[in-house]
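Asker: What would the 3D arrangement of this be:
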Amino acid sequence: MASRYTKSKIINNDMDFYEFLRKKRGNVKNIRHLSTPIMKHPNAAERATLKRTKHIWKYGDRFYNLAYQYYDNPEYWWVIAWYNGYPTEAELNTGTIIYIPLNLEKALITLGVY
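Answerer: Here you go, the predicted model:
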């Protein structure tokens with residue numbers, strides 16, 4: 001299964017902003033990191049192609065627990081968050097309805113990362 005970083009480039013960043021970090025790491029010339037992945041938010045038609053299940057948010061719910069429950073892998077928590085347009089659990093209130101795409105591979109394709 002693909003990671004959300006599969007298509008990301010590795011960047012050698014020597015920007016002044018990272019000077020403190022370069023010094024902290026022994027005066028290295030640059031900081032290597034992944035570029036920010038560009039994902040799209042599925043529109044209504046794209047969402048309609050995905051089989052999904054409804055989940056009513058309750059106290060104590062976490063995206064990573066739902067990802068483990070539905071995908072057997074908590075690392076795909078971000079698929080549920082991105083699909084619903086909520087960046088963190090802090091954005092959700094008890095009783096909020098979210099949807100969990102059931103086919104992880106198809107969801108990744110729809111999000112543009114696979």
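Asker: Could you pull up the residues touching residue 63?
Answerer: By Cβ atoms under 8 Å, 6 or more residues apart in numbering, the residues touching residue 63 are 77, 78, 80, 81, 89. Where you see a C-beta, it was placed from the backbone N, CA and C, and this is true even at glycine.
Asker: was I right about the last one contacting residue 60?
Answerer: It stands for residue 89. No: Residue 89 lies out of contact with residue 60 (Cβ atoms under 8 Å); the separation is 9.7 Å.
Asker: ok so, going back, how about the contacts of residue 63, which pair is most distant?
Answerer: 78 and 89 (11.9 Å; Cβ to Cβ).
Asker: thinking again about what came up before, residue 89 and residue 60 - which one has more neighbours?
Answerer: A side-by-side neighbour count of residue 89 and residue 60, using other Cβ atoms under 10 Å, places residue 89 first with 16 against 8.
Asker: Contacts only, for that one.
Answerer: Each residue near residue 89 by Cβ under 8 Å, 6+ apart is listed here: 61, 62, 63.
Asker: Distance check, the last one against residue 96.
Answerer: It refers to residue 63. 13 Å (Cβ to Cβ, to the nearest Å).
Asker: what do those two both touch?
Answerer: Looking at what touches both residue 63 and residue 96 (by Cβ under 8 Å, 6+ apart), there is no common residue.
Asker: so which helix or strand takes in the spatially most central residue of the chain?
Answerer: For the chain, the residue nearest the mean C-alpha position is residue 78 (3.0 Å; Cα atoms, centre = their mean). Following DSSP states H and E, one finds residue 78 within helix 77-84.
Asker: for that helix, packing partners?
Answerer: helix 63-71, strand 97-101, helix 104-110 (3 or more Cβ pairs under 8 Å, 6 or more residues apart in numbering; DSSP states H and E).
Asker: and if we set it to 6 Å?
Answerer: If contacts are counted by 3 or more Cβ pairs under 6 Å, 6 or more residues apart in numbering; DSSP states H and E, helix 77-84 sits against helix 63-71, strand 97-101.
Asker: contacting residues around residue 98?
Answerer: By Cβ atoms under 6 Å, 6 or more residues apart in numbering, residue 98 lies in contact with 55, 84.
Asker: Next one: it, what pLDDT does it get?
Answerer: Note for residue 98: predicted pLDDT of 97.
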